[in-house]
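*Asks:* give me the fold of what follows.
(chains A and B)
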Amino acid sequence: GESVGLHLPTLSVQEGDNSIINCAYSNSASDYFIWYKQESGKGPQFIIDIRSNMDKRQGQRVTVLLNKTVKHLSLQIAATQPGDSAVYFCAEKRTGNTPLVFGKGTRLSVIA
Amino acid sequence: DTEVTQTPKHLVMGMTNKKSLKCEQHMGHRAMYWYKQKAKKPPELMFVYSYEKLSINESVPSRFSPECPNSSLLNLHLHALQPEDSALYLCASSQSTGSSYEQYFGPGTRLTVT
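*Replies:* A predicted model of the protein is given here:
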C-alpha cells in the first residue's frame, strides 16, 4: 500500500472570516499565475489568474496579489463559506508554449 | 460547454491487465494533457498533445501509452502497471499550449492497481 503521504499545509478558518492562502514561486520568467481549487474526488477547478505585469486582480469574493520582488503570490477569499473547503494549488506558466508548474497545495478547512 | 469528461470514474486492474482511460472535450481546444496525481500532492504532468501530436513526454514509463485519435479525444493505454501507479489520472485541455494557463480539468479516473 501507499505510505503516509506528505503533510499538506492546512489553514483552518471560521465561517465568515477572510482566508489568505500563500504561494512562493521561483521562476522570474513566468508570465501567468493561476489559482486552482480542488474539492475531494474532483479535478482542479480554475479560480482566478493574474498576468505577471499586474500586482492585483479581483474576482467574485477572491483577490489574487502578486509580489514579484519577493516572488510571492496570495489568494484572498472574502467571507469564507463551508463550500470553500478544498485544497488550493497555485500554478505558474512560463513564457512560450510551456505547461503549467503546480505548487504544493494548501488545504483550507472552514469551521462552521 | 466548458466540460472535460473522463471515463471510467474508477478502475481497478491487475498488474497483467490492459486497460484504457478516455478523455473527451468539445470546446475546440487543440492542446490536451494527461496528469497523474497522488494523494496530498499536486498534479504531475505526464503528456501534452498539441494539434493531435505528442509534444511533451515527461519521461513517463512505456507502460503508459497515450493516443490522440482526433482533436476531441485523448486516450491513455495502460499495460503491466505496478501498484505504485495507483493514483488519480487527470485529463485537461486548453485552447493551445501557448494558453496552457487556461486549462480545464476533467474529474479524473481513480486507478487502483492490485
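
*Asks:* any weak-confidence spans in chain B?
*Replies:* Scanning chain B with the threshold set as pLDDT under 70 gives B:1-2.

*Asks:* do you have the strands of it handy? List them.
*Replies:* The residue ranges that make up the strands of chain B, judged by DSSP state E, are B:4-7, B:10-13, B:18-25, B:31-37, B:44-50, B:53-57, B:64-70, B:73-79, B:87-94, B:104-105, B:109-113.

*Asks:* what lines up beside the third one in the sheet?
*Replies:* Strand B:18-25 pairs in its sheet with strand B:4-7 (antiparallel), strand B:73-79 (antiparallel), by DSSP bridges.

*Asks:* now those as TSV including mean neighbour count and distance to B:Q95?
*Replies:* Heads up, the C-betas are built off the backbone N, CA and C, glycines and all. Shown next, in TSV, are the strands paired with strand B:18-25 (neighbours: other C-beta atoms under 10 Å in any protein chain shown; distance: least, C-beta to C-beta, whole Å):
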stretch	mean neighbour count	distance to B:Q95
strand B:4-7	18	13
strand B:73-79	19	15
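
*Asks:* residue nearest the centroid of chain B?
*Replies:* B:W34 (3.0 Å; C-alpha atoms, centre = their mean).

*Asks:* wouldn't that residue be in contact with B:L90 here?
*Replies:* Yes. Counting by C-beta atoms under 8 Å, B:W34 does reach B:L90; the two are 7.4 Å apart.

*Asks:* now do the contacts for the residue nearest to the centre of chain B.
*Replies:* B:W34 makes contacts with B:23, B:45-47, B:66, B:74, B:76, B:89-91, as judged by C-beta atoms under 8 Å, 6 or more residues apart in numbering or on different chains.

*Asks:* is it in a bridge, and if so with what?
*Replies:* Note on B:W34: beta-bridge partners by DSSP bridges are B:F47, B:C91.

*Asks:* where's it relative to B:T16, distance?
*Replies:* According to C-beta to C-beta, to the nearest Å, B:W34 stands 22 Å off from B:T16.
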